[in-house]
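*Asks:* A structural model of the following input is requested.
(chains A and B)
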Amino acid sequence: MNYVPGTASLIDDIDKKHLVLLRDGRTLIGFLRSIDQFANLVFHQTVERIHVGKKFGDIPRGIFIVRGENVVLLGEIDVEKPCDAVLQQVSIEEILEEQRLQQQTKQETEKVKLQVLKDRGLSIPKADNLDEY
Amino acid sequence: MLMLMCVCVRLQLFYSFFKSLVGKDVVVELKNDLSICGTLHSVDQYLNIKLTDISVTDPEKYPHMLSVKNCFIRGSVVRYVQLPADEVDTQLLQDAARKEAMQQKQ
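*Replies:* This is a model prediction of the structure:
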């Protein structure tokens, strides 16, 4: 991320509404205010969006500083493209409850899978624990 | 600062390779198993990729990308960049890689 023309730079994305996907699976939406060479980001009027199935919920979070190593993807939100056609917004309590249930079923299936693998003497490292080069 | 300049000097090969592919359609597969199809807009020395007109190729179990048309992908999270075979001159790439390897040895 430097000032040589033709290279990928976030300079033009400043002050626009963006969606950032983090390595832990979270989605943050807000106005990008500041960047640096490590893709550290400063977000303003940030909202954490939780998706479960076709439902989603927004939690207002204020100002966020995201360390670059946790950024997976940064996307510019197109205000003309409405997402309400497919998705349904629900209250914070409801989406948190849905998320808790989803995490629970996921953990149970993971546990069963790990046990089966363990019985066969195999283990798979989790992708989010891998170090950067 | 010195460490960043080392990245610049040693990894120019694929940076140049991707620069030659700007404008082509690619599919980027990320380490979190998300696959994104789009047109390569730009790339930088860290192999961060900017794609335009993106679409999520796999079944849309990632609904949050619906309103996003352009995106910036951090180089460190890319697993694969899938390219059509006719966009790549593999002989040229092989020769360039061999030359780079020789230069690095010295």
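
*Asks:* before we move on, what SS does residue 18 have?
*Replies:* Just so you know, I chose chain A. strand (DSSP: H, G, I helix; E, B strand; the rest coil).

*Asks:* Any part of the helix or strand A:K111 falls within near chain B?
*Replies:* Assessed by DSSP states H and E, A:K111 sits inside helix A:92-119. No: judged by Cβ under 8 Å from any Cβ of the partner chain, helix A:92-119 makes no contact with chain B; its nearest approach is 12.0 Å. Where C-beta positions appear, they are placed from N, C-alpha and C, glycine not excepted.

*Asks:* packing partners for that helix?
*Replies:* Judged by 3 or more Cβ pairs under 8 Å, 6 or more residues apart in numbering or on different chains; DSSP states H and E, the packing partners of helix A:92-119 are strand A:41-52, strand A:55-66.

*Asks:* For those strands, give me CSV that also has mean neighbour count, distance to chain B and mean pLDDT.
*Replies:* Listed next are those as CSV, based on neighbours: other Cβ atoms under 10 Å in any protein chain shown; distance: least, Cβ to the nearest Cβ, whole Å; pLDDT from 0 to 100:
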stretch, mean neighbour count, distance to chain B, mean pLDDT
strand A:41-52, 18, 6, 92
strand A:55-66, 15, 8, 92
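
*Asks:* Tell me how far the residue in chain B that chain A sits nearest to lies from B:Y62.
*Replies:* Nearest to chain A in chain B, going by Cβ to the nearest Cβ, is B:V68, at a distance of 3.4 Å. The spacing between B:V68 and B:Y62, counted by Cβ to Cβ, to the nearest Å, is 10 Å.

*Asks:* Those two: which is more packed in?
*Replies:* Remark: of B:V68 and B:Y62, B:V68 carries more neighbours, 23 against 17, as counted by other Cβ atoms under 10 Å in any protein chain shown.

*Asks:* so what's that one bridging to?
*Replies:* B:V68 has these beta-bridge partners by DSSP bridges: A:I77.

*Asks:* need the contact list for whichever residue of chain A sits closest to chain B.
*Replies:* Closest residue of chain A to chain B, Cβ to the nearest Cβ: A:G75 (3.4 Å). Taking Cβ atoms under 8 Å, 6 or more residues apart in numbering or on different chains as the criterion, A:G75 is in contact with A:H18, A:L19, A:V20, A:L21, B:I54, B:M65, B:V68, B:K69, B:N70, B:C71, B:F72.
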